[in-house]
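>>> just to be clear, the model below is a prediction. Sequence and coordinates:
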Amino acid sequence: ALPKPCEAAPPDTLEQALTLLEQERLRSQQLAVQLELARVQFRQSQSLFQQLFNNSADANMLFGQTGYVACNQAAVEMLGCESEAQFLALGLLDITPEYQPDGQRSDELASMLIAKAFEDGSQRFEWLHRRLTGEDLWVEMSLTRIEVEEQPLLHVTWRDIRDRKAAEAGLTESEAKFR
């Protein structure tokens, strides 16, 4: 426990004054140590989350009011981009077909899902993207609302599910032949 700062009446003697000053000096040193420990813990925490974001096999992005503001290397590679800057410059219709397979317009559906994620805190769904090569890319998308410097953002994760979608299509085809 830290000693309390001087709140008592002024000391009567020089010796009492020196004792109070020494207590304040010790308290100040203890606070400085606690502050440095908090800084170290913050840096470690920041480093951990930066590594989780950057080194994930899944695409990780931060999405703000004007679009994507950051992404990891997995996102760059998933779309076939050359750099983060190229990825961040893309608009929705650059990376998704005009219509999703259920017939809904991609831009309208995306706007609705983004608004729901900002309002409700999260959304999870499958989405058809299009790589820069023109190849379709099925992803499971997760949108999670976070606050960064008091600004609402979405942490976006894409998990490549092309293999699962291919297996589902094969099963559907097999069932149709069986019937």
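Yes, it's here. Numbering: from 1, shown residues only.

>>> ok, now which ones touch Leu109?
Applying CB atoms under 8 Å, 6 or more residues apart in numbering, we find Leu109 in contact with Gln100. (Each C-beta comes from the backbone N, C-alpha and C, glycine too.)

>>> so where is this structure shaky, pLDDT-wise?
1-9 (pLDDT under 70).

>>> quick one: the helices in it?
Along the chain, counting by DSSP state H, helices occupy 14-55, 73-79, 84-89, 106-120, 162-178.

>>> what comes up buried for the third one?
This means helix 84-89. Applying a neighbour-count criterion of 16 or more other CB atoms under 10 Å, one finds 84, 87-88 buried in helix 84-89.

>>> hmm, back to that, mean neighbour count, the helices of the chain: which tops it?
Most buried of those, by mean neighbour count (mean count of other CB atoms under 10 Å): helix 73-79, with a mean of 19.

>>> contacts for that one?
Applying CB under 8 Å, 6+ apart, the external contacts of helix 73-79 come out as 54, 56-61, 81-84, 86-87, 90, 95, 129, 131-132, 137, 139, 158, 160.

>>> swap in stretch 52-64?
Counting contacts by CB under 8 Å, 6+ apart, the residues outside stretch 52-64 that touch it are 68-75, 78, 114, 139, 143, 148, 151, 153-160.

>>> rerun at 10 Å
Contacting residues not belonging to stretch 52-64 are listed as 67-79, 84, 87-88, 114, 117-118, 129, 137, 139-143, 146, 148, 151-160 [CB atoms under 10 Å, 6 or more residues apart in numbering].

>>> endpoints of it, how far apart?
20 Å (CA to CA, to the nearest Å).

>>> look up how far Leu14 lies from the residue nearest to Leu154 when sequence neighbours are not counted.
Setting aside the residues directly before and after it, Leu154 is nearest to Phe63 in space (CB to CB, 6 or more residues apart in numbering), at 4.2 Å. Phe63 sits 64 Å away from Leu14, going by CB to CB, to the nearest Å.

>>> before we move on, the earlier item: report the beta-bridge partners for the residue nearest to Leu154.
In this entry, Phe63 is beta-bridged to Tyr68, Leu154, by DSSP bridges.

>>> how about the longest strand anywhere in the chain: buried residues?
Criterion DSSP state E: the longest strand present in the chain is strand 136-148. For strand 136-148, a neighbour-count test (16+ other CB under 10 Å) marks 137-139, 141-143 as buried.
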